[in-house]
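**Student:** Got a sequence here, can you model it:
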Amino acid sequence: MNNPLVQAFFVGRAVAEVINERLEVAITDALSDLGKLEAEAREQMRQFTEQVLERANRAAEAAGHSTPGSGSSGADAVDVQATIDELRAEIALLRNELQRYRSSSV
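**Tutor:** Presented below is the predicted three-dimensional model:
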């Protein structure tokens, strides 16, 4: 490589390849971490929902009322589903607000 222009070309090309490889690894790792966080959040939400329903059922039994799992009507099941849907909508709204807060504070 006697010609400095040819040498500069190959050095620049090698730099671009290395940067591209490192970027690819960094993006892959970030997406992997994001997937893990989402899975953990879903699991925590499932556990939270189970705990809430369990406590509500215990409180209803202690008060002498029937619980959805103990022979209640179909209307109660619809109400529970509507409540779950409302909670999911509120969670989505809160996630959106949290994301906007985080992006504005950075």
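
**Student:** which helices and strands sit right next to whatever helix or strand Arg13 lives in?
**Tutor:** Following DSSP states H and E, one finds Arg13 within helix 4-62. Counting contacts by 3 or more C-beta pairs under 8 Å, 6 or more residues apart in numbering; DSSP states H and E, helix 4-62 is packed against helix 74-105. Any C-beta I mention is one placed from the backbone N, CA and C, and that applies to glycine too.

**Student:** same question for the helix it packs on, mean pLDDT?
**Tutor:** Across helix 74-105, the average pLDDT comes to 83.

**Student:** One more: stretch 32-51?
**Tutor:** Computed over stretch 32-51, the average pLDDT equals 91.

**Student:** CA atoms only for stretch 89-105, dumped as PDB, please.
**Tutor:** As requested, the backbone C-alpha atoms of stretch 89-105 are provided in PDB (Å, rounded to 0.1, in the frame of the first residue of the first chain):
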ATOM      1  CA  ALA A  89     -56.800   0.900  29.500                       C
ATOM      2  CA  GLU A  90     -55.700   2.800  32.600                       C
ATOM      3  CA  ILE A  91     -52.400   0.900  32.700                       C
ATOM      4  CA  ALA A  92     -51.800   1.700  29.000                       C
ATOM      5  CA  LEU A  93     -52.600   5.400  29.700                       C
ATOM      6  CA  LEU A  94     -50.200   5.400  32.700                       C
ATOM      7  CA  ARG A  95     -47.400   3.700  30.600                       C
ATOM      8  CA  ASN A  96     -47.900   6.400  28.000                       C
ATOM      9  CA  GLU A  97     -47.700   9.200  30.500                       C
ATOM     10  CA  LEU A  98     -44.600   7.600  32.100                       C
ATOM     11  CA  GLN A  99     -42.900   7.300  28.800                       C
ATOM     12  CA  ARG A 100     -43.600  10.900  28.000                       C
ATOM     13  CA  TYR A 101     -42.300  12.000  31.400                       C
ATOM     14  CA  ARG A 102     -39.100  10.000  31.000                       C
ATOM     15  CA  SER A 103     -38.500  11.300  27.500                       C
ATOM     16  CA  SER A 104     -39.100  14.900  28.600                       C
ATOM     17  CA  SER A 105     -36.800  14.700  31.600                       C
END
